[in-house]
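*Asks:* Fold the following for me, if possible:
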Amino acid sequence: MEKFKKFLQKKDIQFSVKRYGIDALSAMAQGLFCSLLIGTILNTLGTQLHLSFLTKIIATVNGIEYTVGGLASAMSGSAMAAAIGYALHCPPLVLFSLVTVGFASNALGGAGGPLAVYFIAVIASEFGKAISKETKIDILVTPLVTIGIGIAIAALIAPTLGSIALKIGELIMLATNLQPFFMGIVVSVLMGMALTLPISSAAICAVFGLTGLAGGAAVAGCCAQMIGFAVMSFPENKIGGLISQGIGTSMLQMGNIIKNPKIWLAPILTSAITGPLATCFFHLEMNGTSVSSGMGTCGFVGQIGVYTGWINDIAQGTKIAVTGMDWLGLFLISFLLPAVLCPCINMIFVKKGWVKKGDMKLV
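*Replies:* Residues are numbered from 1 along each chain as shown. Okay, here's the model as predicted:
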């Protein structure tokens, strides 16, 4: 046993909550932001601002056409896996091999792609590190072990993890059958949590076609998490954290949530308030693309999606014009209410001693 412990120490393999639950998750969120989220932002900007260099097809692979943003999004699995490998201090051959592992895991995981990438990349990383430089043909053995184990595990568990993510989507769709008030609470809370968790809220919305009032509630929940965390953690993360979370992703806080789950209470409660306000008072609907329902304020894709829906409704004759109340509702639900409510609610938990200074500091 002592010999095994020394081997793990030599290979920098640490079985700890910090290494896997904080370091790996935080890095994964950055990988997701640099691929899927950036790709979605680029595609949205190109479409809405009529920028031909962003909407132009620049590559066709196996009959699938890609824009600049499309290529970035297609590499999300690889980006997340490489980020996880970097956080786990993988040597170069292991790190580069994770590109393939991440792509396979994300593809096989479906809506649960990010969740599959997380688990499989961690396992493949540690096996790769264990075998790294243990043979004279390291350049062959290390990639073979890392990729072989990674893809084998992906084939075994990625579809199951994808099914788990889809179950979350089914629960959200079930909520749409409830009255708007309760639906607003349930969908807003669940979609907001899905956005912060290492699963793809945008993919879930796309798979289940989450639009209309349910889509509006989803937007509210995602914005409550993103803007809520961004403003609530401003004293610790300053302008960089405000931008990276506010128009990036609240998944950056996942590592901190693992350390202290109570920091998640304020954004969740905020979404429970803004969700029914969106559905019952402002009648906020997402009639743009369903994927926009799960994007929140990431690159303002959620807000652009709502606006696109308004324009589509006007073109179809189901809406006369965009009113001042429409704009007020979108602004309050997306930005102002989360920015005010979330920090105020969190102050209660700070006074109780549940949340302390530094708990939301980004690495």
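
*Asks:* contacting residues for Lys136?
*Replies:* Applying C-beta atoms under 8 Å, 6 or more residues apart in numbering to Lys136 gives no contacts. Bear in mind the C-beta positions are built from the backbone N, C-alpha and C, glycine included.

*Asks:* Now do the phi/psi pair for it.
*Replies:* With angles defined as degrees, to the nearest 10, Lys136 sits at phi -80, psi -10.

*Asks:* again, but for the one 3 residues further on
*Replies:* For Ile139, the backbone dihedrals are phi -60, psi -20 (criterion: degrees, to the nearest 10).

*Asks:* Can you tell me the closest non-neighbouring residue to it?
*Replies:* In space, Ile139 comes closest to Leu93 once its chain neighbours are excluded; the distance is 6.7 Å by C-beta to C-beta, 6 or more residues apart in numbering.

*Asks:* Would you confirm that that neighbour contacts Pro143?
*Replies:* Yes. Between Leu93 and Pro143 there is a contact under C-beta atoms under 8 Å: 5.7 Å.

*Asks:* For Lys361, grab phi and psi.
*Replies:* Dihedral angles (degrees, to the nearest 10) for Lys361: phi -70, psi 120.

*Asks:* Spell out which residues sit in contact with the spatially closest residue to it that is not a sequence neighbour, please.
*Replies:* Computed as C-beta to C-beta, 6+ apart, the closest residue to Lys361 that is not its neighbour in sequence is Glu236, at 4.5 Å. Residues in contact with Glu236 (C-beta under 8 Å, 6+ apart) are 357-358, 360-362.

*Asks:* how about stretch 78-93: buried residues?
*Replies:* 78-91, 93 (16 or more other C-beta atoms under 10 Å).

*Asks:* just these now: which is nearest Lys262?
*Replies:* Ala87 (24.2 Å; C-beta to C-beta).

*Asks:* Tyr20 versus that closest one, what's the distance?
*Replies:* 9 Å (C-beta to C-beta, to the nearest Å).

*Asks:* before we move on, what about Gly221?
*Replies:* 27 Å.

*Asks:* Who has more neighbours out of those two?
*Replies:* Set side by side, Gly221 and Tyr20 show more neighbours around Gly221, with 38 against 19, by other C-beta atoms under 10 Å.

*Asks:* which element is that one on?
*Replies:* Taking DSSP states H and E as the definition, Gly221 sits inside helix 212-232.

*Asks:* Check whether the residue nearest to Lys361 sits in a helix, strand or coil.
*Replies:* Classification of Glu236 by DSSP: H, G, I helix; E, B strand; the rest coil places it in helix.

*Asks:* shift numbering so it begins at 160
*Replies:* Happy to do that; since the first residue is 160 now, the last one works out to Glu395.

*Asks:* What confidence value was assigned to it?
*Replies:* We have a pLDDT of 95 for Glu395.

*Asks:* Next: Asp182.
*Replies:* 82.

*Asks:* Now do the helix or strand hosting Lys164: which elements does it pack against?
*Replies:* Assessed by DSSP H and E, Lys164 sits inside helix 161-169. If contacts are counted by 3 or more C-beta pairs under 8 Å, 6 or more residues apart in numbering; DSSP states H and E, helix 161-169 sits against no helix or strand.

*Asks:* looking at it, Asn471 is touching Met445, isn't it?
*Replies:* No. Counting by C-beta under 8 Å, Asn471 does not reach Met445; the two are 11.0 Å apart.

*Asks:* so Thr219 sits in a strand?
*Replies:* Yes. Using three-state DSSP, the assignment for Thr219 is a strand.

*Asks:* what separates it from Leu230, distance-wise?
*Replies:* 11 Å.

*Asks:* higher neighbour count, those two?
*Replies:* A count of neighbours by other C-beta under 10 Å puts Leu230 above the other of Thr219 and Leu230, at 15 against 9.

*Asks:* More neighbours: Asn471 and Met445, which one.
*Replies:* More crowded of Asn471 and Met445, by other C-beta under 10 Å: Met445, with 28 against 13.

*Asks:* Surely that one and Gly464 touch.
*Replies:* Yes. With contact defined as C-beta under 8 Å, Met445 counts as touching Gly464 (5.8 Å).

*Asks:* got any residues that touch both of the two?
*Replies:* 378, 451-452.

*Asks:* ok, back up a step: pull the distance from the helix holding Gly380 to the chain's centre.
*Replies:* Distance of helix 371-391 from the chain centroid (C-alpha atoms, centre = their mean, to the nearest Å) equals 13 Å.

*Asks:* Over to stretch 236-254?
*Replies:* Relative to the centre of its chain, stretch 236-254 is centred 18 Å away, using C-alpha atoms, centre = their mean.

*Asks:* Buried residues of stretch 482-498, list them for me.
*Replies:* 485, 488-489, 491-494, 496-498.

*Asks:* So which elements touch the particular helix or strand that has Phe508 in it?
*Replies:* Using DSSP H and E, Phe508 sits in helix 496-511. Applying 3+ C-beta pairs under 8 Å, 6+ apart, one finds that helix 496-511 makes contact with helix 371-391, helix 424-435.

*Asks:* Output that helix as PDB, restricted to C-alpha atoms.
*Replies:* Extracted in PDB, the C-alpha atoms of helix 496-511 (Å, rounded to 0.1, in the frame of the first residue of the first chain):
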ATOM      1  CA  LEU A 496     -34.300  42.200 -10.700                       C
ATOM      2  CA  PRO A 497     -31.500  39.600 -10.500                       C
ATOM      3  CA  ALA A 498     -28.900  42.300  -9.800                       C
ATOM      4  CA  VAL A 499     -31.000  43.700  -6.900                       C
ATOM      5  CA  LEU A 500     -32.700  40.600  -5.500                       C
ATOM      6  CA  CYS A 501     -29.800  38.100  -5.400                       C
ATOM      7  CA  PRO A 502     -27.300  40.300  -3.400                       C
ATOM      8  CA  CYS A 503     -30.100  41.300  -1.000                       C
ATOM      9  CA  ILE A 504     -31.200  37.700  -0.400                       C
ATOM     10  CA  ASN A 505     -27.600  36.700   0.000                       C
ATOM     11  CA  MET A 506     -27.100  39.300   2.800                       C
ATOM     12  CA  ILE A 507     -29.500  37.200   4.900                       C
ATOM     13  CA  PHE A 508     -27.200  34.200   4.500                       C
ATOM     14  CA  VAL A 509     -24.100  36.300   5.200                       C
ATOM     15  CA  LYS A 510     -25.700  37.500   8.500                       C
ATOM     16  CA  LYS A 511     -26.500  33.900   9.400                       C
END
